[in-house]
Every structure is written in C-alpha cells, then in structure tokens.
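In: The amino acid sequence is not available; the structure is as follows:
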C-alpha cells in the first residue's frame, strides 16, 4: 500500500482579487476552501491516476473535520492521528501574482506523537511512503529524521519532498526519490546555481549521500532527473499557467505512479513532467486524461 504523510495539513483558503491594496480593505472576486498539504495533494494526484493511497498525519479541531470530510468526499482513504489542537488555515492570494500566508501549525502532544509513530511502526516492506511538506513547529525540525529512521529499520521504501538543509541530511537514509526545486538546492548548498552544470553537480552530491533518484524542478526552465547512471533534462511544456499550487506534488505523484506501473525511469520522469504541467494548466489537480494528452508533448534531452 502507498501511504502519504502530511504532518501539517491545512484548509487552503484561496482568494482571487483584482488588486491588492496594502493597508486598505480588499474584496475578493471569488473564494474557495480546499484541503491543503503536500501529501494530500500527492494522494489526489494518485487518485486521479487510479492509484489508491492512505493519508497519514495529524488532524484536529473544526479545521481538521473539514479536511477529513473533503477527503472522504474525494474517496481518498485517510487515517490521521486525531489531536486536540486545531489544524491550520493557509491563505492563498491570487491576482496577477500568487502570494501565500502559511500558518505555523498546531501544538501536538507527546501522546499524539507516540500514537502516530506506533502506526508507522506497523508498516511493512511491501509498503511505500511519500513524505511531503512542512513540519509543525511543535514537532521540531528533526522529526522527519525520526520518521525515516523508523521506516529504514522496517525496510520500507520512501520518497521525501521537503524544503531546507534537512533534505541533505535525510539523503543518507537512501530515499527512493527527492524533489528539490532550484531555490531549495541553492539553500542546501549555499550557492547560486547559474546553469545546468552547477545544478547537476549539486544534485550528484545528494546522490552520493544516498538519494536514489532526484528530480530538480526549474519552473519555466523545465526540470532535470538524476540518478547514479542517468541525467535527463525536460523542457517546460507550453501552456497557460492557471495555478502553481500542487505542481511539485503532481510531479512526485506522477513519478511514483510510473514507478508503480513498472515504467522505466525515463518514462516515469516523462509522466512526472506531464502531471506537473497538467496541474499548472488546470484550476484543480490535473486529470488523468489531461496528463495523458500532455505526455505526448514532453521533450527530453538525454545528458548522460
């Protein structure tokens, strides 16, 4: 079974406005509330592709009930650890640009943490875990290491998509897939990545640390796939970007889908690019039909 972990899920409150006026009353043209969190978005992508997954993490309060109800409506299985504090609300402001205000997240008690970790300890070698997104401040920055250490002891394969230098340290636990973007890679290595050669050089350091597969997303410049033996570069697919929310998660979901279906690494990468683009060009997460349509437009350059 595939499990997705969202430690810090949210209600994403999306507001569309004509113009933001600082210090004044702003009125929205439209608004929408959706379940948010990177692991949740990966589960939605997988669901669209016909792959079942179970969502794990922490949920609490009226916000947690909203998130669970929406996932139930989408028929996405979930088994979140219930907490006393409220899950967070994030604000996504859309006009000519996209701006975000992301909350810190709830306070999580030791007993709630223990319940969550006991659940993870029951996973087996045939399971696969996708860990995505931020960590509630109350858990501490080292909590992902606690999770992957537990998974490693039980021989459970995992992918991880998170920001910051902790991704470098987690590479030593041999993740199946990591997906930093260019900015995150610059943050990890404290340098400016001005060309593909520099990007590949830094990504290969993560491979040497233990990461099995890496996709570096470059926005309008495309993306690069790297493993121990191969380097592929994809051009960005042309199209009108409707929203960038969930694009990276769709890329992760697309690659894992390809892997689970027995695709080659090259074809799995193509599927990841198509999935990310389908979400970028859609109001919601890209549909399977749209992903398959865009698959024909993926252009790959084999660099190694």
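Out: Yes, it's here. The model shown is predicted, which means the values in this text are computed figures rather than measured ones. Residues are numbered from 1 along each chain as shown.

In: can you give me how far the lengthiest helix in the chain is from the chain middle?
Out: The longest helix of the chain (DSSP state H) is helix 265-280. Centroid displacement of helix 265-280 relative to its chain, using C-alpha atoms, centre = their mean, to the nearest Å, is 14 Å.

In: what comes up buried for that helix?
Out: By neighbour count with 16 or more other C-beta atoms under 10 Å, helix 265-280 contains the buried residues 265, 267-280. For glycine as for every other residue, the C-beta is placed from the backbone atoms N, C-alpha and C.

In: repeat for stretch 206-216
Out: Those would be 206-207, 209, 211-216, for stretch 206-216 by 16+ other C-beta under 10 Å.

In: Name the next helix or strand downstream of the longest helix of the chain, please.
Out: helix 288-295 (DSSP states H and E).

In: For that next one, give the mean pLDDT please.
Out: Across helix 288-295, pLDDT averages out at 95.

In: What of stretch 166-175?
Out: Stretch 166-175 shows a mean pLDDT of 87.

In: now do stretch 225-237
Out: Per-residue scores along stretch 225-237 average to 94.

In: Can you give me the end-to-end span of that stretch?
Out: 16 Å (C-alpha to C-alpha, to the nearest Å).

In: got it, and stretch 29-47?
Out: In stretch 29-47, first residue to last residue: 30 Å (C-alpha to C-alpha).

In: List the buried residues of it.
Out: For stretch 29-47, by 16+ other C-beta under 10 Å, it's 34-47.

In: Relative to residue 65, which of these is nearest.
Out: Nearest to residue 65 out of these is residue 35 (C-beta to C-beta; 11.2 Å).

In: okay, the closest one: pLDDT?
Out: pLDDT recorded at residue 35 is 92.

In: Please name the strands paired to the helix or strand containing it in the sheet, noting orientation.
Out: Here residue 35 sits within strand 30-36, counting by DSSP H and E. Sheet partners assigned to strand 30-36 using DSSP bridges are listed as strand 10-16 (antiparallel).

In: which outside residues touch the partner strand?
Out: 28-37, 63, 66-67, 87-95, 102-103, 245 (C-beta atoms under 8 Å, 6 or more residues apart in numbering).

In: Pull out the buried residues from that strand.
Out: Buried positions in strand 10-16, judged by neighbour count with 16+ other C-beta under 10 Å: 10-15.

In: Ok, stretch 76-92 next?
Out: 76, 78, 80-81, 83, 85-90, 92.

In: quick one: which of those residues is nearest to residue 115?
Out: For the buried residues of stretch 76-92, the nearest to residue 115 is residue 81 (5.2 Å; C-beta to C-beta).

In: still on that earlier bit, could the buried residues of stretch 76-92 be laid out in TSV, adding distance to residue 144 and secondary structure?
Out: TSV is the format used below for those (distance: C-beta to C-beta, whole Å; DSSP: H, G, I helix; E, B strand; the rest coil):
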residue	distance to residue 144	secondary structure
76	23	coil
78	20	strand
80	17	coil
81	16	strand
83	18	strand
85	20	coil
86	23	coil
87	19	coil
88	18	strand
89	23	strand
90	20	strand
92	24	strand
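
In: Residue 176: what's it in contact with?
Out: 128, 157-159, 212-213, 259.

In: change it to 6 Å
Out: For residue 176, the contacting residues are 157, 159, 212, by C-beta atoms under 6 Å, 6 or more residues apart in numbering.

In: Please list the outside residues in contact with the host helix or strand of the second one.
Out: Here residue 159 sits within strand 157-161, counting by DSSP H and E. Applying C-beta under 6 Å, 6+ apart, the external contacts of strand 157-161 come out as 128-132, 151, 170, 175-179, 252.

In: Identify the spatial nearest neighbour of the spatially most central residue of the chain, chain neighbours not counted.
Out: Of all residues in the chain, the one closest to the mean position by C-alpha atoms, centre = their mean is residue 249, 3.5 Å from it. Once flanking residues are discounted, residue 249 sits nearest to residue 41: 3.6 Å by C-beta to C-beta, 6 or more residues apart in numbering.

In: Which elements pack onto the helix or strand encompassing the one you found?
Out: Using DSSP H and E, residue 41 falls within helix 38-48. The contact analysis (3 or more C-beta pairs under 6 Å, 6 or more residues apart in numbering; DSSP states H and E) places helix 38-48 against strand 2-6, strand 53-60, strand 128-132, helix 247-260.
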